[in-house]
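Trainee: Return atomic coordinates for the entry below.
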Amino acid sequence: MAAAEPAPDVGEAGVGGPDFSVKSMPEEKSKSEIVVALAGTPNVGKSAIFHQITGADVIISNYPGTTVEMLEGRVRHGNYDVRVIDLPGVYSLGALSEDELVARRAILEQEPDVIVNIVDASNLERSLYLTLQLMELGRPILILLNMYDVALAKGLRPSPEKLSKKLGLPVIATVATRGENVARAFDEAIKVAEKRTRPKKRIPLSRETEKAIAALAEEIKRTLVKIPFGLSPRNLAIKLLEGDEHLVHAVADLPESESVLKKARTLARNIARRYGEPSVYRIARERHGIAAMISREVTEQITAKPRLVQRLDDITSSVKTGIPIMVAVFAVLILMLIYIGGFLEGLLVGSWEAFVSPSLHALFDGLGEVGRVLDIGINQGISGILAVMIPYILVFFLVFALLEDVGYLPRMAFVMDSAMHRIGLHGRAVVPMLGGFGCNVPAIMATRVLTTRRERLIANFLITMVPCSARTAVILGTVGFFLGIQYALVIYGIVLFLIFLVGLLLNRLLRGQVSGMIMEMPPLRRPMIGPLLSKTWMRMKHFVYFATPLLLLGSLIIGALHVFGLLTAIAEPLAPLTTGWLGLPAITIVSLLYGFIRKEGALVLLVTIAGTSDLLQFMTPLQLFVFALVVTIYVPCLATVAALRQELGWRDAAMITVGTFLIALLVGGAFYHLNPLRL
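Mentor: Numbers count the residues shown, from 1 in each chain. Below is the predicted model of the structure:
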């Protein structure tokens with residue numbers, strides 16, 4: 001935003017209360033609770049506002065019965081304990097995608113006291129479509145006109161006062177990236193929740209559509225004793241005319257509902273005959289028209305100011321300059337992982353071995369065989385976690401969150417669209433594949449944005465080969481740390497080449513054509529340090545809480561097998577594969593197998609088996625390289641297999657799992673016997 005023109009404090013909610021500090025909610029419960037739901041389209045600054053309000057006191061959970069994540073935070077405001085829900089970013093409430101269904105279910109079923117609808121001031125028309133749908137649900141609403149600085153830079157000045165008058169709702173202009181008016185907006189949201197004021201102004205559709213809505217609403221009032229989810233007859237009538245399956249089923253479960261559903265079908269057919277398109281499309285078209293009209297009437301055209309960010313946008317979105325920039329970004333990411341992650345590894349492991357490990361060793365030493373198991377499982381297990389899991393994964397999550405927040409990831413997808421067509425995909429698949437560098441599981445779930453099963457199958461196969469943060473920890477904890485950065489880069493190069501090769505093969509083998517791509521390009525923006533660190537902390541905390549117990553359990557099992565002499569019984573039958581083909585110590589098969597449960601566990605248990613964090617005392621440089629290469633290629637973990645099964649079914653999940661294992665064994669063995677790097 002230009003410094004001379006801050007976000008205006010105007011609108012129907014123009015008189016804000018005093019500033020306040022948002023603090024994490026204390027453990028004791030207050031007498032009253034208010035539920036605030038944040039709703040908006042993707043890339044509108046909703047998450048930034050959420051983090052401004054809630055700070056770091058956040059819970060990540062899946063909505064019941066779905067795989068869609070929702071953020072929830074609690075804060076104290078006056079006499080209220082406030083629960084803030086960050087709904088999935090959606091363009092509509094049509095329930096055509098799981099995100100849309102979850103957003104609407106949360107609004108209907110959890111009945112928030114107020115919906116804070118964040119709209120994009122720089123693209124008001126697109127955002128207002130969702131606003132109109134939210135108004136139809138009849139819940140208390142506060143509008144936040146966010147990204148006001150971006151709008152001004154584009155030569156647009158939407159008026160909060162005019163928008164408030166048009167919608168009959170309170171409107172506050174905000175700039176979430178700088179925290180402007182966010183505290184005041186939250187204060188106003190509490191006031192709206194206290195009043196429980198539902199939207200009074202009705203935005204009418206066309207005359208013929210309104211006639212159908214009125215007729216169906218009258219039938220609903222006459223017939224139904226109870227309306228689902230507290231909707232008004234008009235709200236329900238619109239949804240039934242749209243053929244909304246969720247609400248159709250809800251009404252069908254009510255007594256005396258057949259006449260309502262029959263009339264809805266008849267009226268929907270009448271609309272379709274009159275306008276030559278299904279009623280759901282007609283109603284959507286009318287909403288879009290209203291959104292466009294309101295946007296024009298409340299927005300003033302001003303002189304746009306040239307910005308550095310616009311030039312950066314042009315450079316990063318051009319194929320000629322965008323691809324070299326993308327390569328440079330990945331190079332910087334890898335260098336940061338190697339050097340910063342390596343520094344943190346040395347610091348953490350050195351501190352553990354200097355101050356904690358000797359005391360634990362002395363404690364366990366007097367407990368006999370049980371003590372030896374505990375020493376291996378806990379003492380060496382924690383040392384492995386500090387060496388592998390925390391330093392490298394923390395750095396990756398931080399850098400990836402930075403790329404997300406500045407809006408760079410969609411630009412990667414755009415510039416890679418042509419290249420992705422060669423492997424049977426389009427640019428939209430780049431974002432899930434980039435997400436695979438963090439964790440393959442959400443990346444696999446994100447392939448739902450792809451339109452055909454063929455594309456999803458190819459994308460899911462390739463994502464399982466993308467080096468996730470756990471694999472990166474293995475690469476850098478072995479090859480990068482002991483052999484040098486150049487050898488770590490070689491592994492990345494081999495894996496990326498294999499991904500491209502497998503993609504070409506799958507594109508040839510699987511019939512079908514690549515669909516086109518239409519995607520939104522959010523503006524580049526300056527990241528906020530607070531939300532950036534909060535997002536990184538949440539992801540890291542979730543990862544550590546989930547992975548640490550499994551890794552310690554695996555270390556304890558390895559410790560017990562080692563102390564009681566059972567490791568050899570497991571390793572010897574598979575020695576022809578482990579030693580004969582891969583050239584690894586026979587005992588490393590235990591680590592390789594455990595890597596199927598948790599990938600970073602392969603290295604943690606290797607450290608446990610070796611009895612030292614200096615792996616060059618246990619393996620040769622060539623063996624370390626082959627170990628890291630094999631671990632990097634095959635399917636990362638059981639959670640990934642479960643995600644594949646959910647998205648594709650057992651047959652394809654098994655095919656991908658077996659396929660990656662075979663590729664890993666083939667490439668690993670060939671590399672050992674050929675030794676092209678002369679290690």
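
Trainee: those strands in this protein, which residues are they?
Mentor: 23-24, 32-40, 58-62, 69-77, 80-86, 114-120, 141-146, 156-158, 171-173, 299-301 (DSSP state E).

Trainee: possible to save those as TSV with mean neighbour count, distance to Ser359 and mean pLDDT?
Mentor: In this view, the C-beta of every residue, glycine as well, is placed from N, C-alpha and C. Converted to TSV, the strands of the chain look like this (neighbours: other Cβ atoms under 10 Å; distance: least, Cβ to Cβ, whole Å; pLDDT from 0 to 100):
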stretch	mean neighbour count	distance to Ser359	mean pLDDT
strand 23-24	13	34	34
strand 32-40	21	46	92
strand 58-62	13	35	49
strand 69-77	19	38	82
strand 80-86	22	42	91
strand 114-120	27	51	95
strand 141-146	29	52	95
strand 156-158	20	63	93
strand 171-173	29	56	95
strand 299-301	13	67	92
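
Trainee: To Thr612, which of these lies closest?
Mentor: Nearest of the strands of the chain to Thr612, taken as Cβ to Cβ: strand 58-62 at 36.4 Å.

Trainee: Can you give me the buried ones in stretch 287-303?
Mentor: In terms of neighbour count (16 or more other Cβ atoms under 10 Å), stretch 287-303 has its buried residues at Arg287, Ile290, Ala291, Ile294, Ser295, Val298, Thr299.

Trainee: Output those in CSV, with distance to Val635 appended to each entry.
Mentor: CSV is the format used below for the buried residues of stretch 287-303 (distance: Cβ to Cβ, whole Å):
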residue, distance to Val635
Arg287, 44
Ile290, 49
Ala291, 45
Ile294, 50
Ser295, 48
Val298, 52
Thr299, 51
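
Trainee: List just the nearest of those to Ala103.
Mentor: Arg287 (16.5 Å).

Trainee: before we move on, back to that, include distance to Leu205 when you put the strands of the chain into JSON lines, please.
Mentor: Listed next are the strands of the chain as JSON lines, based on distance: least, Cβ to Cβ, whole Å:
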{"stretch": "strand 23-24", "distance to Leu205": "44"}
{"stretch": "strand 32-40", "distance to Leu205": "21"}
{"stretch": "strand 58-62", "distance to Leu205": "35"}
{"stretch": "strand 69-77", "distance to Leu205": "31"}
{"stretch": "strand 80-86", "distance to Leu205": "29"}
{"stretch": "strand 114-120", "distance to Leu205": "20"}
{"stretch": "strand 141-146", "distance to Leu205": "19"}
{"stretch": "strand 156-158", "distance to Leu205": "23"}
{"stretch": "strand 171-173", "distance to Leu205": "22"}
{"stretch": "strand 299-301", "distance to Leu205": "22"}
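
Trainee: With Leu308 as the reference, name the closest of these.
Mentor: When the strands of the chain are ranked by proximity to Leu308 (Cβ to Cβ), strand 156-158 comes first, at 18.8 Å.

Trainee: can you list contacts of that closest one?
Mentor: The contact list for strand 156-158 (Cβ atoms under 8 Å, 6 or more residues apart in numbering) reads Ala121, Ser122, Leu124, Leu145, Tyr148, Ala151, Ser295, Val298, Thr299, Glu300, Gln301, Ile302.

Trainee: Rebuild the residues you listed as CSV, extending it with distance to Ala488.
Mentor: Formatted as CSV, the contacts of strand 156-158 follow (distance: Cβ to Cβ, whole Å):
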residue, distance to Ala488
Ala121, 44
Ser122, 41
Leu124, 47
Leu145, 47
Tyr148, 44
Ala151, 44
Ser295, 50
Val298, 54
Thr299, 51
Glu300, 54
Gln301, 52
Ile302, 51
